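Enquirer: sharing a model prediction with you, sequence too.
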Amino acid sequence: MTLMTILHTLATDPDLHVLADGKDPIVPKYSPELPDAVNTQVKTILSWTAGLGLAASVGGGLLGWLLVAVGHNSERAQLAARGKQSVLWSLFGAGGIGVTSSLVLAFYNMAK
């Protein structure tokens, strides 16, 4: 069979025209979704995880500032330096938790 014969057969077949016009699609329209009972529980777990992680980062930052204050007032330079490091790591942790939770929720909600 030549290429021209194949193309002519494809172009003149009435069944292919019906499939190609969009009324009767080849691939059925399907939107994957979790059941509502599971969907709300997963969203709750993701939200609580992000919230608790950010709360822990805030608590770590406050404790870091406490270490800085105590270290400077009691002339313990090492304690103040550790406090400054903990404040920075708390900021990095909060940023990481915020970005990660936003990405996970964004990809999770894409199925809708």
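Expert: That came through, no problem.
Enquirer: list the buried residues of stretch 39-57.
Expert: Neighbour-count burial for stretch 39-57, with 16 or more other CB atoms under 10 Å as criterion, is recorded at 50, 53-54, 57. Quick note: C-beta positions are derived from backbone N, CA and C, even for glycine.
Enquirer: off-centre distance for it?
Expert: On the basis of CA atoms, centre = their mean, to the nearest Å, stretch 39-57 sits 12 Å off its chain's mean C-alpha point.
Enquirer: got the contact list for that stretch?
Expert: Contact partners of stretch 39-57, identified using CB atoms under 8 Å, 6 or more residues apart in numbering, comprise 33-34, 90-91, 93-94, 97-98, 101, 104-105, 108.
Enquirer: quick one: mean pLDDT for the top helix by length along the chain?
Expert: Determined from DSSP state H, the single longest helix within the chain is helix 36-73. Averaged across helix 36-73, pLDDT comes to 88.
Enquirer: which helix or strand lies directly C-terminal to it?
Expert: Moving toward the C-terminus from helix 36-73, the next helix or strand (DSSP states H and E) is helix 77-109.
Enquirer: from the chain's centroid, how far away is that following helix?
Expert: Mean-position distance between helix 77-109 and its chain equals 16 Å (CA atoms, centre = their mean).
Enquirer: now that helix against helix 36-73, angle please.
Expert: Relative orientation of helix 77-109 and helix 36-73, computed by axes from the mean of the first three to the mean of the last three CA atoms, to 10 degrees: 160 degrees.
Enquirer: next, format the buried residues of stretch 39-57 as CSV and append distance to V42.
Expert: Formatted as CSV, these follow (distance: CB to CB, whole Å):
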residue, distance to V42
A50, 13
G53, 17
L54, 19
S57, 23
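Enquirer: between those residues, which is nearest A80?
Expert: Proximity of the buried residues of stretch 39-57 to A80 (CB to CB) peaks at S57, which lies at 20.3 Å.
Enquirer: and the pLDDT at the closest residue to the closest one other than its chain neighbours?
Expert: Spatially, and ignoring its direct neighbours in sequence, S57 is nearest to A94 (3.7 Å; CB to CB, 6 or more residues apart in numbering). Looking at A94, its pLDDT reads 91.
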